[in-house]
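In: Make a model of this:
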Amino acid sequence: MDLSDKNLISKKQLLEKYEISYGALYRWKRKGLIPEDWFIKKSTTTGQETFFPKDLITERVELILEKKEDVLLDELAEKISGEEENNAKIVIETVFGEKVFFLKDIKNINLVDKNGKTRKIEILED
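Out: Next up, the predicted model:
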């Protein structure tokens, strides 16, 4: 997931763009429709703000808005989590917690050692 600022959308921008409420966004998060690791806290000049990976969150919000009239949110969450569980993923554990990345979302993996030497890791497809 590329987390450069150009590939992020702020929570405020997201809420305004889709005319959804703060409460709806966090209800979707609680139900598992939006993964926890998509909520990215960043320091800004006005304090700390929440950002999202733009492509992932906009696609997901559009799916939720499109389906919410026809399908219960719990059913949609179950379908989404089932799809995500069937995708290969990398789980990285650090002293700060755990991050999950689905292989389909990863473009490159580079390991950089303490001397600055970079080694590219090839991602194997199923």
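In: Confidence-wise, which helix or strand of this structure is lowest on average?
Out: Within the chain, confidence by mean pLDDT, DSSP states H and E is lowest for strand 97-102 among all helices and strands, at a mean of 72.
In: now for that one, which elements pack on it?
Out: Contact partners of strand 97-102 among helices and strands, from 3 or more CB pairs under 8 Å, 6 or more residues apart in numbering; DSSP states H and E: strand 89-94. All C-beta atoms are positioned from the backbone trio N, CA, C, and that covers glycine.
In: by contact count, what packs against the strand it packs on?
Out: Contacts defined by 3+ CB pairs under 8 Å, 6+ apart place strand 89-94 against strand 97-102.
In: Starting from the strand it packs on, tell me the next helix or strand along the chain.
Out: Counting by DSSP states H and E, the element after strand 97-102 in chain order, helix or strand, is strand 109-112.
In: Now do that following strand: distance to the chain's middle.
Out: 21 Å (CA atoms, centre = their mean, to the nearest Å).
In: Sheet partners, orientation included, of it?
Out: Here strand 109-112 has these sheet partners by DSSP bridges: strand 118-121 (antiparallel).
In: which residues sit against the partner strand?
Out: For strand 118-121, contacts defined as CB atoms under 8 Å, 6 or more residues apart in numbering pick out 108-113.
In: and the residue most central in space within the chain, how far is that from Leu73?
Out: With distances taken as CA atoms, centre = their mean, Trp38 lies nearest the centre of the chain, 3.0 Å away. Taking CB to CB, to the nearest Å as the measure, Trp38 falls 17 Å from Leu73.
In: Look at Ile34 and say how many residues are nearby.
Out: 22 (other CB atoms under 10 Å).
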